[in-house]
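# only geometry, no sequence info:
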Ligand SMILES: [Zn+2]
């Protein structure tokens, strides 16, 4: 099962998407992207919850 996430899934105007095999892996990639591109040193808990609920399986 592949996990898929894109910034637009949480209402961010950014065309970045990513996939990973597990929720842990995709959260790592999302944190890196949020840090490098969106300037988040850490993802706040409410945003992390939003991100997790927006992750789709395919
Ligand atoms: Zn983004």
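Received, thanks. Since the structure is predicted, the reported quantities are computational estimates derived from the model, not experimental observations.

# And residue 51, how close does it get to residue 3?
Plainly put, residue 51 is 11 Å away from residue 3 if you go by Cβ to Cβ, to the nearest Å. From N, CA and C alone the C-beta is placed, and that goes for glycine too.

# Which residues of the chain lie near the ion?
Residues of the chain lying near the ion by Cβ under 5 Å from the ion: 7, 14, 16.

# Can you read off the pLDDT for the last one?
Right, the one you point to is residue 16. pLDDT, residue 16: 98.

# Which SSE is immediately downstream of the longest helix seen in the chain?
Ranked by residue count, the top helix of the chain under DSSP state H comes out as helix 23-38. Of the helices and strands lying after helix 23-38 in sequence (DSSP states H and E), the nearest is helix 45-54.

# Who wins on neighbours among the residues of the chain next to the ion?
residue 7 (20 neighbours; other Cβ atoms under 10 Å).

# What sits closest to that one if chain neighbours are left out?
With sequence-adjacent residues excluded and distances taken as Cβ to Cβ, 6 or more residues apart in numbering, residue 7 is closest to residue 14, at 3.7 Å.

# Residue 16 now?
Per Cβ to Cβ, 6+ apart, closest to residue 16 is residue 7, 5.1 Å.

# Next one: residue 36 from residue 14, what distance?
12 Å.

# Spit out the residues that contact those two alike.
Taking Cβ atoms under 8 Å, 6 or more residues apart in numbering as the contact criterion, residue 36 and residue 14 have no common neighbours.

# Across the sheet, point out what pairs with residue 17.
Beta-bridge partners for residue 17, by DSSP bridges, are residue 6.

# any idea how far residue 45 is from it?
Distance from residue 17 to residue 45, by Cβ to Cβ: 23 Å.

# Quick check: pLDDT value at the residue most central in space within the chain.
The centre of the chain sits closest to residue 30, judged by Cα atoms, centre = their mean, with a distance of 3.8 Å. pLDDT, residue 30: 97.
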